[in-house]
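The sequence isn't on hand, but the structure is:
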Ligand code: HEC
């Protein structure tokens, strides 16, 4: 009888050990998964403080180079919806995406560059955030390019050649 109890106890301990091992396996799989979790493209491993500093106004000095970079990034990331002239008539919109307001409307003309940086960072309403694709400095470049577009006024749309009502 004592032997039986001992065997049962050993069996239980063995079962417990297996249980522990299985849990360990799961735990180590989780660890592996975490270290392999995909990093969004364009992300740089920097501290939150550095990122916040890069987003704090007034941002980088506005130079020709910055505006040129802003134009290039704007055309890649924003024009598909906002249109190359900012009228809200990009190609995505012609495929049924709800059109954003024109940048040339009074309310959007009044936006400060840092507010545009905020919209790129956090998104707004139906527009999602571009923080994982557009670096902080590029957000400033785009924001100043948008202000530049606005200051030049609403020209004819080169996107669709359609007159807007
Ligand atoms: C997939 C389409 C799409 C893309 C791409 C896009 N936007 Fe937008 N954006 C929108 C829509 C839709 C709105 C209107 C949001 C709302 O009010 O619901 C908007 C609104 C805005 C506004 C006005 C916010 C306000 O105060 O009303 C700004 C500024 C803006 N976008 C800037 C940008 C910039 C800069 C980029 C590129 C980095 C960009 N957007 C890319 C769809 C887009």
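Received it, and whenever you're ready, just let me know what you need. Not measured: the values here are computed from a predicted model. Numbers count the residues shown, from 1 in each chain.

Provide the secondary structure category for the closest residue to residue 70 other than its chain neighbours.
In space, residue 70 comes closest to residue 145 once its chain neighbours are excluded; the distance is 3.0 Å by CB to CB, 6 or more residues apart in numbering. (Glycine included, C-beta is placed from N, CA and C.) What DSSP: H, G, I helix; E, B strand; the rest coil gives for residue 145 is helix.

Neighbours of residue 145, how many?
A count of nearby residues for residue 145, using other CB atoms under 10 Å, gives 25.

how much space between it and the ligand?
According to CB to the nearest ligand atom, to the nearest Å, residue 145 and the ligand sit 9 Å apart.

Over to residue 117?
Applying CB to the nearest ligand atom to residue 117 and the ligand gives a distance of 9 Å.

Now do the same contact list for that residue.
Residue 117 makes contacts with 55, 57, 59, 136, 139-140, 143, as judged by CB atoms under 8 Å, 6 or more residues apart in numbering.

Over to residue 80?
Contacts of residue 80 by CB under 8 Å, 6+ apart are 90-92.

Near the ligand, list only the ones from those.
Applying CB under 6 Å from any ligand atom to these, one finds that residue 92 fall near the ligand.

Most neighbours of all the contacts of residue 80, which one?
Most neighbours among those, by other CB under 10 Å: residue 90, with 23 neighbours.

ok, it touching residue 75?
No: between residue 90 and residue 75 there is no contact under CB atoms under 8 Å: 10.0 Å.

after the worst-scoring helix or strand of the chain on mean pLDDT, next one along is what?
Every helix and strand of the chain was ranked by mean pLDDT, DSSP states H and E. The lowest is helix 2-35, at a mean of 49. Later in the chain than helix 2-35, the nearest helix or strand by DSSP states H and E is helix 48-55.

How about residues contacting that next one?
Contact with helix 48-55 is made by 117, 121, 136-137, 139, as judged by CB under 8 Å, 6+ apart.

on that earlier part again, ok, the residue nearest to residue 70 to residue 47 distance?
The spacing between residue 145 and residue 47, counted by CB to CB, to the nearest Å, is 28 Å.

re the thing from before, pretty sure the residue nearest to residue 70 sits against residue 76.
No: contact criterion CB under 8 Å: residue 145 and residue 76 do not qualify, at 11.7 Å.

Report the residue ranges of every domain in this protein.
With domains defined by automatic domain parsing, the chain comprises 1-37, 48-152.
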